[in-house]
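Asks: following is a predicted model, sequence given first.
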Amino acid sequence: MRDLIDDVFVGSFDNPALAELEDQARFRLSDLLAHGDRLAFTTDSYVVDPLFFPGGDIGALAVNGTVNDLAVSGAKPLFLSCAMILEEGLDVDVLRKVAHSMRDAAKAAGVTIVTGDTKVVPRGKADKLFINTAGIGVIPKHVEIAANQARPGDAIIVNGLIGDHGAAILNARGDLALDTDLESDCQPLNGLIDALLAACPEIHSLRDATRGGVATVLNEFAQAACVSMHIIETALPIREEVKGVCEILGLDPLYMANEGKLVAIVPGAHAQTALEAMRAHPAGRDAAIIGEVSAAPEGVVTMATVFGGERIVDMLVGEQLPRIC
């Protein structure tokens, strides 16, 4: 096991904090305080099937997912942990490929993987590989982003085409046999959020629209802030291929998982400034204003449909697609 750890993980994630091989990574508080005055701390687990898919893999997903969970608080993501559950018999070359992907994703996001753990379970007690990543970041002074900050008159913005990840995973499983170049949108969002904060420090709420999709995020915002979210169906940026997958399977793209998309709630007066800042960044070039916040009905999301009517967009009950992230 020690040879495996040295070969695959220490070699891939090579950095001074990890090289000490203590049971924990250590940081100087003074170094953290240079970035702000509050810590953000998050953790998530990744069980996606298949491990490799167009546009990403479980390793990149684990790093970017944790980076994004930190970044949507306004924090600067800094350090990640990596814990792996391996099924006995997993090919070491597969593990090495995932570790290299995590290394590359961490480098792209500007974070360091500083500690970790590895466990092996008997064949049949897991499905090849599961990953848990935790991360810490530092929130700069004066940044106050929270779900309960949405106010009537605010604009609702997404940073691009929604539903790509969920549709790409479904197609990668081979159940649809579609001839399409559809890829996951797996990407870090911290650079985009830095640009957005620089242009529009008045951001009220941010959240990445992962499992449960845009609809779930909007419902969470509406309930936390006791406001109503009203979106316009014709304003939603969705690929035709994603619409096709959803029509075949009877799914709603509003609930499809994303791994590189966020929902931003910004004051209406700053909406165009925020939109232009997002479109100027590679991770936000297809950004769109999809609706606005109103006072009533509290805790409810509504959508103006293409047919001229209006429907309620409920909170997702259950799980639309298992093992999507």
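Replies: The structure has been received and is ready for your questions. Nothing here was measured: the structure is a model prediction, and the numbers come from that model. Numbering: from 1, shown residues only.
Asks: please make it C-alpha for all contacts and neighbour counts, starting now.
Replies: Noted.
Asks: which stretches of the protein form strands?
Replies: For the chain, the strands defined by DSSP state E occupy 38-46, 52-53, 56-57, 76-87, 112-121, 129-139, 155-158, 205-208, 228-232, 262-266, 288-294, 301-304, 310-312.
Asks: what packs against the fifth one?
Replies: Other elements packing on strand 112-121 under the criterion 3 or more C-alpha pairs under 8 Å, 6 or more residues apart in numbering; DSSP states H and E are helix 11-13, helix 16-19, strand 76-87, helix 92-109.
Asks: mind listing residues that contact that strand?
Replies: By C-alpha atoms under 8 Å, 6 or more residues apart in numbering, the residues outside strand 112-121 that reach it are 5, 13, 15, 17-18, 23-25, 78-88, 103, 106.
Asks: which among these count as buried?
Replies: With neighbours counted by 16 or more other C-alpha atoms under 10 Å, the contacts of strand 112-121 contain buried members at 13, 17-18, 25, 78-88, 103, 106.
Asks: re the thing from before, take the helices and strands packed on strand 112-121 and lay them out in TSV including mean pLDDT.
Replies: Formatted as TSV, those follow (pLDDT from 0 to 100):
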stretch	mean pLDDT
helix 11-13	91
helix 16-19	89
strand 76-87	97
helix 92-109	97
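Asks: would you turn these into a markdown table with distance to Thr115?
Replies: Shown next, in a markdown table, are the helices and strands packed on strand 112-121 (distance: least, C-alpha to C-alpha, whole Å):
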| stretch | distance to Thr115 |
| --- | --- |
| helix 11-13 | 9 |
| helix 16-19 | 6 |
| strand 76-87 | 5 |
| helix 92-109 | 13 |
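Asks: low-confidence ranges in the protein?
Replies: For the chain, no stretch has pLDDT under 70.
Asks: thinking again about what came up before, mean neighbour count, the strands of the chain: which tops it?
Replies: Using mean count of other C-alpha atoms under 10 Å, the stretch among these with the greatest mean number of neighbours is strand 262-266 (a mean of 28).
Asks: what's that one packed up against?
Replies: Strand 262-266 packs on strand 155-158, strand 205-208, helix 213-225, going by 3+ C-alpha pairs under 8 Å, 6+ apart.
Asks: can you list contacts of it?
Replies: Residues outside strand 262-266 that contact it (C-alpha under 8 Å, 6+ apart): 150, 154-159, 202-209, 214, 217-218, 274.
Asks: go on, stretch 192-205?
Replies: Under C-alpha under 8 Å, 6+ apart, the answer for stretch 192-205 is 71-72, 74, 143-150, 221, 263-267, 270, 273-274, 277-278, 281-284.
Asks: just the buried subset of the residues you listed, written out for PyMOL, thanks.
Replies: The buried residues among these can be selected in PyMOL (16+ other C-alpha under 10 Å) with this line:
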select buried, resi 71+72+74+143+145+146+147+148+149+150+221+263+264+265+266+267+270+274+277+278+281+283+284
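Asks: sorry, back to before: okay if I get the helices and strands packed on strand 262-266 as CSV plus distance to Gly65?
Replies: Formatted as CSV, the helices and strands packed on strand 262-266 follow (distance: least, C-alpha to C-alpha, whole Å):
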stretch, distance to Gly65
strand 155-158, 17
strand 205-208, 9
helix 213-225, 14
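Asks: closest to Val92 out of those?
Replies: Of all the helices and strands packed on strand 262-266, strand 205-208 sits nearest to Val92, with 32.3 Å by C-alpha to C-alpha.
Asks: dump the closest one to PDB, keeping only the CA atoms.
Replies: The C-alpha trace of strand 205-208 is given here as PDB (Å, rounded to 0.1, in the frame of the first residue of the first chain):
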ATOM      1  CA  SER A 205     -26.500  34.800  -4.000                       C
ATOM      2  CA  LEU A 206     -24.400  32.200  -5.800                       C
ATOM      3  CA  ARG A 207     -24.700  28.400  -6.100                       C
ATOM      4  CA  ASP A 208     -23.400  25.800  -8.500                       C
END
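Asks: what strands line up against it, and which way round?
Replies: Here strand 205-208 is paired, per DSSP bridges, with strand 262-266 (antiparallel).
Asks: let me know the angle separating the strand it pairs with from helix 213-225.
Replies: Relative orientation of strand 262-266 versus helix 213-225 (axes from the mean of the first three to the mean of the last three C-alpha atoms, to 10 degrees): 40 degrees.
Asks: now strand 262-266: how far from the chain's centre is it?
Replies: Offset of strand 262-266 from its chain centre (C-alpha atoms, centre = their mean, to the nearest Å): 13 Å.
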